[in-house]
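**Q** only geometry, no sequence info:
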């Protein structure tokens, strides 16, 4: 099965000592690798003010992780562990591979269009047939082109 | 208005008189014919002035006042962003009302596609307390 990419953010209580946060991170990483996921990135964003109070607290220690896995159960297991972990107040897992794929596609599309455009303007008399199918094929990104 | 209409009808016949001059030379009847065509031709130019009149009328219809409204442009299209990151609360925050509601497209000028992505990003950010669901009292 195709590999999926997830982003996992969890918030620890702001009063947890740093070693405890590290412990949570390592257990999560362990559990993930055990289930066959790869940890791409782990970032500690540190103490941040939250937009609303959670458990009557205004601040939280944010941790951000990126992982890849071909089994969805990993997420289930990680979320179960986060729920059980005492210092963790809140967590979210977002599947991002589809959006990244879309982003990639649009980017490539734009680059191709950008590469084509100068050619279109120079031999304007010789290549009316060439550019004509191009806009039709590029219908998806037309709004972006119109705005640019 | 009367002043506008008065000078205009003479002008259109003046333009067709060129073509009538081409067809006119063979016979006088031909010459009298064109004025008949002017009759139908007349209404058309009158419709023409109506058209230009309609153009200023368009904005007038919107509010009966002629605002020079600045065209709002989708910020994400300007930046050519292919992905709106939910983790960057600072770029999402301008699209929220004070109280935390998501601003409609008509207020922000965001294009439909980016608005769609934006709402998803905002909702994710809300879930991880990067953005408020509602302002706290």
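**A** Perfect, thanks for sending it. On a predicted model such as this, the values are computed, not experimentally measured, just so you know.

**Q** Please make it C-alpha for all contacts and neighbour counts, starting now.
**A** Fine.

**Q** so where is chain A shaky, pLDDT-wise?
**A** Within chain A, the ranges that satisfy pLDDT under 70 run A:1, A:118-148.

**Q** meant to ask about chain B
**A** Along chain B, segments meeting pLDDT under 70 span B:1-65, B:67, B:137.

**Q** Around chain A, pick out the residues from it.
**A** Residues of chain B lying close to chain A (C-alpha under 8 Å from any C-alpha of the partner chain) are B:73-74, B:77-78, B:80, B:82-83, B:126-133, B:135-136.

**Q** Could you tell me which of those residues count as buried?
**A** Burial by neighbour count, 16 or more other C-alpha atoms under 10 Å in any protein chain shown: within the residues of chain B next to chain A this picks out B:74, B:77, B:80, B:82, B:83, B:126, B:128, B:129, B:130, B:131, B:132, B:133.

**Q** Up against chain B, what does chain A have?
**A** Residues of chain A that fall close to chain B, judged by C-alpha under 8 Å from any C-alpha: A:9-10, A:50-52, A:90-92, A:99-100, A:102-103, A:106-107, A:144, A:147-148.

**Q** Return the subset of the residues of chain B next to chain A lying in helices.
**A** Judged by DSSP state H, those include B:77, B:78, B:126, B:127 as members of helices.

**Q** wait, the third one sits on residue B:133?
**A** Yes - taking contact to mean C-alpha atoms under 8 Å, the distance of 6.0 Å between residue B:126 and residue B:133 places them in contact.

**Q** Now do the buried residues in stretch A:95-107.
**A** Across stretch A:95-107, burial judged by 16+ other C-alpha under 10 Å covers A:95, A:103, A:106.

**Q** who touches that stretch?
**A** A:4, A:5, A:6, A:7, A:141, B:82, B:83 (C-alpha atoms under 8 Å, 6 or more residues apart in numbering or on different chains).

**Q** Distance to residue A:34 for those residues - can I get that in JSON lines?
**A** Shown next, in JSON lines, are these (distance: C-alpha to C-alpha, whole Å):
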{"residue": "A:4", "distance to residue A:34": "16"}
{"residue": "A:5", "distance to residue A:34": "17"}
{"residue": "A:6", "distance to residue A:34": "16"}
{"residue": "A:7", "distance to residue A:34": "18"}
{"residue": "A:141", "distance to residue A:34": "42"}
{"residue": "B:82", "distance to residue A:34": "34"}
{"residue": "B:83", "distance to residue A:34": "31"}
